[in-house]
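Colleague: any chance you could fold what I've pasted below:
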Amino acid sequence: MTKLLDRAIEAAKELPAEMQDEIAEILLSFMGEDDGEVYQLTPEEEADLEEADREIERGEVVGEEEVRTILAKYLR
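Modeller: You can find the predicted model right below:
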């Protein structure tokens, strides 16, 4: 297992069970071990992802502390 995947799994262990299950479903789907359905992005979702890629290229990302603050707000 790579260090990055190990880090992601360790972080996921801290999340509520419902979120852990969502992450597991996404991972299994990505690996082709689900029920075979492939999620199709809406045009809006596709546009959001493209904009996110452009933001990353420009270096417009938030730090780990800001992410923790946001997650804490919604995971209480």
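Colleague: ok, and for stretch 41-50, which residues are buried?
Modeller: For stretch 41-50, the neighbour count (16 or more other C-beta atoms under 10 Å) marks no residue as buried. No exception for glycine: its C-beta is placed from N, CA and C like everyone else's.
Colleague: switch to numbering from 43
Modeller: Sure thing, new numbering starts at 43, so read that last one as stretch 83-92.
Colleague: name the element Glu88 belongs to?
Modeller: helix 85-99 (DSSP states H and E).
Colleague: avg pLDDT for that helix?
Modeller: Confidence for helix 85-99, expressed as mean pLDDT, is 95.
Colleague: over to stretch 52-69?
Modeller: In this model, stretch 52-69 carries a mean pLDDT of 92.
Colleague: alpha carbons only: can I get it in PDB?
Modeller: Extracted in PDB, the C-alpha atoms of stretch 52-69 (Å, rounded to 0.1, in the frame of the first residue of the first chain):
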ATOM      1  CA  GLU A  52      -6.200   6.400   8.500                       C
ATOM      2  CA  ALA A  53      -8.000   9.800   8.000                       C
ATOM      3  CA  ALA A  54     -11.200   8.000   7.000                       C
ATOM      4  CA  LYS A  55     -11.200   6.000  10.200                       C
ATOM      5  CA  GLU A  56     -11.900   9.200  12.100                       C
ATOM      6  CA  LEU A  57     -15.100   9.900  10.100                       C
ATOM      7  CA  PRO A  58     -18.600   8.700  11.000                       C
ATOM      8  CA  ALA A  59     -19.500   5.200   9.900                       C
ATOM      9  CA  GLU A  60     -21.900   6.600   7.200                       C
ATOM     10  CA  MET A  61     -19.100   8.600   5.600                       C
ATOM     11  CA  GLN A  62     -16.700   5.600   5.800                       C
ATOM     12  CA  ASP A  63     -19.300   3.500   3.900                       C
ATOM     13  CA  GLU A  64     -19.600   6.200   1.200                       C
ATOM     14  CA  ILE A  65     -15.800   6.200   0.800                       C
ATOM     15  CA  ALA A  66     -15.700   2.400   0.600                       C
ATOM     16  CA  GLU A  67     -18.400   2.400  -2.000                       C
ATOM     17  CA  ILE A  68     -16.600   4.900  -4.100                       C
ATOM     18  CA  LEU A  69     -13.300   3.000  -3.800                       C
END
